[in-house]
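S.K.: Below are the sequence and a predicted model; questions follow.
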Amino acid sequence: MLPVNTEAALANLDADQLRELASRLMGELRHKQALIDKITHENAVLKRLKFGVAREHFSNDQRSLIDDTIDADIEAVQAELASLKPKPAAPDKQVAKRRPLPANLPRREFQHEPESTMCGCGCQMTRIGEDVAEKLDYQPGVFSVERHVRGKWACKQCERLVQAPVAPHLIDKGIPTAGLLAQVLVAKYADHQPLHRQEGIYARSGVELPRSTLAQWVGSCGVQLQPLVDALKAEMLAHRVLHADETPVPMLDPGSGKTHRAYLWSYCTGQFESSKIVVYDFAESRAGKHAMAFLGEWRGALVCDDYSGYKALIAQGVTEAGCLAHARRKFYELWTNHSSQIAEDALSHFGKLYDVERDVRELSPEDRQAVRQARARPVAEALHTWLTLHRQKVPSGSATAKAIDYSLGRWAALTRYLDDGTLPADNNWAENRIRPIALGRNNWLFAGSLRAGMRAAAVMSLIQSARLNGLDPWAYLKDVLERLPTQPSHRAAELLPHHWTPPHEGRSIPAVPVASRQLVVALRA
């Protein structure tokens, strides 16, 4: 190495030594400038992100979130255990201890009478009394009370009692109607209102609903709706093209008072598939084993980013389709943060590819593929050549080099859509499905337990699938919760969002046999 410690030493160097020194210094300068550009870029990106606190200190509101989760988990576990136990004999009737519903609420009365009040002995029965059950109902913005009056009819001759049976409800002997349950679920999982906030909202309407009660309803509904989510997942896995994405969700670490990073995985049918389905899966980590466990034996085309967790699926025969938006985004950040000319030129190429996609969105898969081959293929080939040439001009380790390396390294996956009209160009379809979760994180802060996260994933799968199919989530869930107690398991698919028919719109209501509408009890002397 040439000595350059003093000006005198420089003066003693000949021309060849000076050229060697200048070459070495220029190399060091390029390396340091690339490092400065890289750090500057990373710093600019970080400034655009929102940071959370390093450690959660629980406020009173956060404590209430934990309490809600515990109550919901307990109710869900009890419901699951109850479904596994044989039904005990009916206990003696006891007086209800719950507080009566507010008298100021409007009431709608429903009369339930036997189809026939003629006794089998030929005598006309006499009405001797009635049973009244009040259910708390909710229409968006309005509470009301449903009074279900079940008249008692008795035959004086043979001491026989006839009474209409209690209509089946999702929560047996509970006060909520399907409309109120749907409201609680939609407010919690679609509008991201934690139960302690809902408690305050309902209190302002004059109805006291403790958060512990709301949590029990949520837990019970989660268990009852799980078979529908399983059926939804089965139908989704019957499709050839799926999208996948994941987002972090803080989850409470029991006993430590801290949170650790769990993940909500989003899977949905392809952008051009006929059925619009999204299913969420909550897992305690981002490990690829969770994606493998969820997809099981499915072998189709998976549209995803470059996350290594999907690589095991690719190795087992799943076809990888890359996300053009991810590749474009890296150049967009360069252009936004540094006004890079290379990034601007790259964005121009990507823009031409997306111009084609806008034109083929409504075409059939065959026509879409033909147009892509004619118009997008030449643009993609020109982009590949351009990226390869410019990669030789930028120093390794720079932000520009990383952006180019990402596209070149995933070129086969990024351009696979050009040869298959059923594949989309990017994974934006799945990213839009995961976006509501980001809003929810700002409200409920963390998942209280693994079970709570799984329950949220199940209910959100139904709600977001309903939205995808243009349905009102509240109207959809209300009807599903009303029909679920009597819906045969082999007809569960009728309740899935993409198959669901609104009440009285082309849906026939099956007749209930007379034997099931009447309850006959012999009076004892």
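M.R.: Done, it's in.
S.K.: A helix includes residue 231, no?
M.R.: Yes. Counting by DSSP: H, G, I helix; E, B strand; the rest coil, residue 231 is located in a helix.
S.K.: ok, now which ones touch the residue nearest to it when sequence neighbours are not counted?
M.R.: Counting by C-beta to C-beta, 6 or more residues apart in numbering, residue 231 lies nearest to residue 492, which is 5.0 Å off, once chain neighbours are set aside. For the C-beta atoms, the positions are set from N, CA and C on the backbone; glycine is no exception. Neighbour list for residue 492: 227, 228, 231 [criterion: C-beta atoms under 8 Å, 6 or more residues apart in numbering].
S.K.: And the residues you listed, which is closest to residue 417?
M.R.: residue 231 (29.9 Å; C-beta to C-beta).
S.K.: sorry, back to before: pLDDT wise, what is the residue nearest to residue 231 at?
M.R.: pLDDT, residue 492: 89.
S.K.: And for the one 10 residues further on?
M.R.: Taken from the predicted model, the pLDDT recorded for residue 502 is 87.
S.K.: Quick check: the gap between it and residue 367.
M.R.: 34 Å (C-beta to C-beta, to the nearest Å).
S.K.: what do you get for residue 219?
M.R.: Distance from residue 219 to residue 367, counting by C-beta to C-beta: 49 Å.
S.K.: Quickly find the element holding residue 386.
M.R.: helix 377-391 (DSSP states H and E).
S.K.: ok, now which ones touch the nearest residue to residue 340 once chain neighbours are set aside?
M.R.: In this structure, residue 340 finds its nearest non-sequential neighbour in residue 334, 4.4 Å apart by C-beta to C-beta, 6+ apart. When contacts are counted by C-beta under 8 Å, 6+ apart, residue 334 touches 41, 340, 342, 343, 399, 400, 403.
S.K.: Just give me the closest of those to residue 293.
M.R.: Nearest to residue 293 among these is residue 403, at 33.4 Å by C-beta to C-beta.
S.K.: Mind pulling the model confidence for the residue lying closest to the closest one once chain neighbours are set aside?
M.R.: Nearest residue to residue 403, sequence neighbours excluded (C-beta to C-beta, 6+ apart): residue 330, at 3.9 Å. Looking at residue 330, its pLDDT stands at 92.
S.K.: burial measure for residue 330, as a count.
M.R.: Residue 330 has 18 neighbours, counted by other C-beta atoms under 10 Å.
S.K.: and what of residue 410?
M.R.: Neighbour tally, residue 410, other C-beta under 10 Å: 19.
S.K.: Please identify the nearest residue in space to it, excluding sequence neighbours.
M.R.: Leaving aside its chain neighbours, residue 410 sits nearest to residue 322 (5.0 Å; criterion: C-beta to C-beta, 6+ apart).
S.K.: what do you get for residue 268?
M.R.: residue 278 (4.0 Å).
S.K.: can you check residue 283 too?
M.R.: Residue nearest to residue 283 in three dimensions, not counting chain neighbours: residue 290, with 4.0 Å by C-beta to C-beta, 6+ apart.
S.K.: tell me the SS of that neighbour?
M.R.: helix.
S.K.: More neighbours: residue 219 and residue 367, which one.
M.R.: Applying other C-beta under 10 Å to residue 219 and residue 367 shows that residue 219 carries more neighbours, namely 26 against 12.
S.K.: The nearest residue to residue 328 once chain neighbours are set aside: how many residues sit nearby?
M.R.: Leaving aside its sequence neighbours, residue 328 sits nearest to residue 350 (C-beta to C-beta, 6+ apart; 4.3 Å). Counted by other C-beta under 10 Å, the residues lying close to residue 350 total 21.
S.K.: Okay, residue 350 and residue 344: tell me how far apart.
M.R.: According to C-beta to C-beta, residue 350 and residue 344 sit 11 Å apart.
S.K.: Repeat that for residue 24.
M.R.: From residue 24 to residue 344 the distance is 33 Å (C-beta to C-beta).
S.K.: now swap in residue 176 and tell me
M.R.: 58 Å.
S.K.: more neighbours, these two?
M.R.: residue 176 (24 against 13).
S.K.: name the helices or strands packed onto the longest helix seen in the chain?
M.R.: Across the chain, the longest stretch assigned as helix under DSSP state H is helix 15-47. Applying 3 or more C-beta pairs under 8 Å, 6 or more residues apart in numbering; DSSP states H and E, one finds that helix 15-47 makes contact with helix 324-338, helix 399-409.
S.K.: got CSV for the ones you listed, with distance to residue 419 too?
M.R.: Compiled in CSV, these are given as follows (distance: least, C-beta to C-beta, whole Å):
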stretch, distance to residue 419
helix 324-338, 14
helix 399-409, 18
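S.K.: Pick the one among the contacts of residue 334 closest to residue 378.
M.R.: Nearest member of those to residue 378, counting by C-beta to C-beta, is residue 342, at 21.1 Å.
S.K.: which residues does that closest one contact?
M.R.: 331, 334, 390, 394, 400.
S.K.: ditto for residue 18
M.R.: By C-beta under 8 Å, 6+ apart, the neighbours of residue 18 are residue 10.
S.K.: In this protein, where is pLDDT below threshold?
M.R.: Applying pLDDT under 70 to the chain flags residues 1-8, 41-97, 254-257, 436-448, 504-525.
S.K.: For it, just list every one of the strands.
M.R.: Taking DSSP state E as the criterion, the chain carries its strands at 107-112, 126-139, 142-155, 160-163, 241-253, 258-269, 278-283, 301-303, 319-321, 519-522.
S.K.: JSON lines for these, including distance to residue 184 and mean neighbour count?
M.R.: Shown next, in JSON lines, are the strands of the chain (distance: least, C-beta to C-beta, whole Å; neighbours: other C-beta atoms under 10 Å):
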{"stretch": "strand 107-112", "distance to residue 184": "20", "mean neighbour count": "12"}
{"stretch": "strand 126-139", "distance to residue 184": "8", "mean neighbour count": "15"}
{"stretch": "strand 142-155", "distance to residue 184": "12", "mean neighbour count": "18"}
{"stretch": "strand 160-163", "distance to residue 184": "31", "mean neighbour count": "20"}
{"stretch": "strand 241-253", "distance to residue 184": "21", "mean neighbour count": "21"}
{"stretch": "strand 258-269", "distance to residue 184": "21", "mean neighbour count": "20"}
{"stretch": "strand 278-283", "distance to residue 184": "19", "mean neighbour count": "24"}
{"stretch": "strand 301-303", "distance to residue 184": "34", "mean neighbour count": "23"}
{"stretch": "strand 319-321", "distance to residue 184": "39", "mean neighbour count": "21"}
{"stretch": "strand 519-522", "distance to residue 184": "31", "mean neighbour count": "11"}
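S.K.: now the ones you listed in TSV, with distance to residue 411?
M.R.: Shown next, in TSV, are these (distance: least, C-beta to C-beta, whole Å):
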stretch	distance to residue 411
strand 107-112	64
strand 126-139	54
strand 142-155	57
strand 160-163	73
strand 241-253	20
strand 258-269	25
strand 278-283	29
strand 301-303	16
strand 319-321	12
strand 519-522	71
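S.K.: between those strands, which gets nearest to residue 15?
M.R.: strand 319-321 (55.9 Å).
S.K.: Contacts for the closest one next, please.
M.R.: 241, 300-304, 310, 314, 413, 416-417, 420, 423-424.
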